[in-house]
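# My questions are about this predicted structure, shown below with the sequence.
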Amino acid sequence: MDWNSRRITAIIENALLEDKATRDATSYACIDPNQRASATILAKQDCILAGIGGVGRILDAYAALDGAVTSHYEVTTHPEIFDGIRLHNGQSIAVIRHNARVILSCERVILNFLQRLSGIATLTRQFVDTVTGIKVKILDTRKTVPGLRVLDKYAVRCGGGQNHRLDLSDGVLIKNNHIALAGGIVPVLERAHKNRRGTQPIEIEVRSLEELDQALAHGGEAILLDNMSVEDVKKAVKRCSNLERRVPLETSGGITLENVRAYAETGVDFISVGALTHSARAVDLSLRVVPA
């Protein structure tokens, strides 16, 4: 992750502006402007860490927005603490030494990012661990918080998952609404082959074995098996294994920690899970501040 990129900087700046961090009325009223402090970020549950590289960037962005910060900060972490590491309840993640007002003004933004991203990474790791030993990849979706997609998808990678499309330009994925508007599987595939740009593979969503047969017969190059039962997914894998060409198979829809292994054991190549980013629960972290 390039935490110095313009895109990430803009996300961080918007978060600080949303919180009006440079106009922190409470810290201004209560804390001496020259007070130094030490703040320890602690894990309050077992989790997978994601976002630690953003802590310093948040402090940098605050200084740029404020224009009056003259002191320098230190963010100290143990060499064994990095994104993707498994943390335990009570474990120290990082120590920040800086002006007390700045720490307090950035506290919520720092924790919001770390808690959300670590929550996504933690849930992703649970799915990945559940299918251990099976040759299948856990994928994310575009079901992300508006404006935070690049961070949400980074957190998925920290948890051991893989990214699907980053955005709509990143591949051809024909879904149910495309099929309905184009008049069916056959015409939509014909149109896609005619109009696609470059060599992007054409993936198409099917919801039954009959639709699968249609898609395979008319040029579907990858198949998304949507909301199909485990038994039907097994049958789909068997049908595709008899083809002369390789057709990657992905399954999605209703995937949970309770059934993901059963779907993985069918032999599909990919399992996409929208819950990784749209339903991940933020992990419990705290920031404890003491005078330096």
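Now that the structure is in, tell me what you want to look at.

# who's in contact with the helix or strand where residue 58 lies?
Applying DSSP states H and E as the criterion places residue 58 in helix 54-66. By Cβ atoms under 8 Å, 6 or more residues apart in numbering, the residues outside helix 54-66 that reach it are 3-4, 8-9, 12-13, 15-17, 21-22, 41, 69, 73, 75, 94, 96, 98, 102, 105-106, 109-110, 113-114, 117. Using the backbone N, CA and C atoms, a C-beta is placed for each residue, glycine as well.

# so what's the residue lying closest to residue 44 once chain neighbours are set aside up against?
Setting aside the residues directly before and after it, residue 44 is nearest to residue 284 in space (Cβ to Cβ, 6 or more residues apart in numbering), at 4.0 Å. By Cβ under 8 Å, 6+ apart, residue 284 lies in contact with 43-45, 115.

# Take those residues and keep only those in strands.
residue 43 (DSSP state E).

# So what's the residue count around the closest residue to residue 249 other than its chain neighbours?
Once flanking residues are discounted, residue 249 sits nearest to residue 268: 4.6 Å by Cβ to Cβ, 6+ apart. Residue 268 has 24 neighbours, counted by other Cβ atoms under 10 Å.

# do the one 10 residues further on as well
Counted with other Cβ under 10 Å, the neighbours of residue 278 add up to 15.

# Next one, pLDDT for residue 197 please.
Residue 197 carries a pLDDT value of 86.

# Number of residues surrounding it?
Neighbour count for residue 197, taken as other Cβ under 10 Å: 7.

# ok so, going back, for the helix holding residue 58, which positions count as buried?
54-63 (16 or more other Cβ atoms under 10 Å).

# Convert stretch 252-262 to PDB, retaining C-alpha atoms only.
Only the C-alpha atoms of stretch 252-262 are listed here, as PDB (Å, rounded to 0.1, in the frame of the first residue of the first chain):
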ATOM      1  CA  SER A 252     -21.100 -16.300  -4.700                       C
ATOM      2  CA  GLY A 253     -24.300 -15.500  -2.900                       C
ATOM      3  CA  GLY A 254     -25.200 -16.500   0.600                       C
ATOM      4  CA  ILE A 255     -21.600 -17.500   1.500                       C
ATOM      5  CA  THR A 256     -21.000 -17.700   5.200                       C
ATOM      6  CA  LEU A 257     -18.400 -19.100   7.600                       C
ATOM      7  CA  GLU A 258     -20.700 -22.100   8.200                       C
ATOM      8  CA  ASN A 259     -21.000 -23.100   4.500                       C
ATOM      9  CA  VAL A 260     -17.900 -21.800   2.800                       C
ATOM     10  CA  ARG A 261     -15.900 -25.000   3.200                       C
ATOM     11  CA  ALA A 262     -18.600 -27.000   1.700                       C
END
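
# which parts of that stretch are buried?
252, 255, 260-261.

# pLDDT and distance to residue 272 for the buried residues of helix 54-66 - can I get that in CSV?
Below are the buried residues of helix 54-66 laid out as CSV (pLDDT from 0 to 100; distance: Cβ to Cβ, whole Å):
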residue, pLDDT, distance to residue 272
54, 97, 26
55, 98, 31
56, 97, 33
57, 98, 30
58, 98, 31
59, 98, 36
60, 98, 35
61, 98, 33
62, 98, 37
63, 98, 40
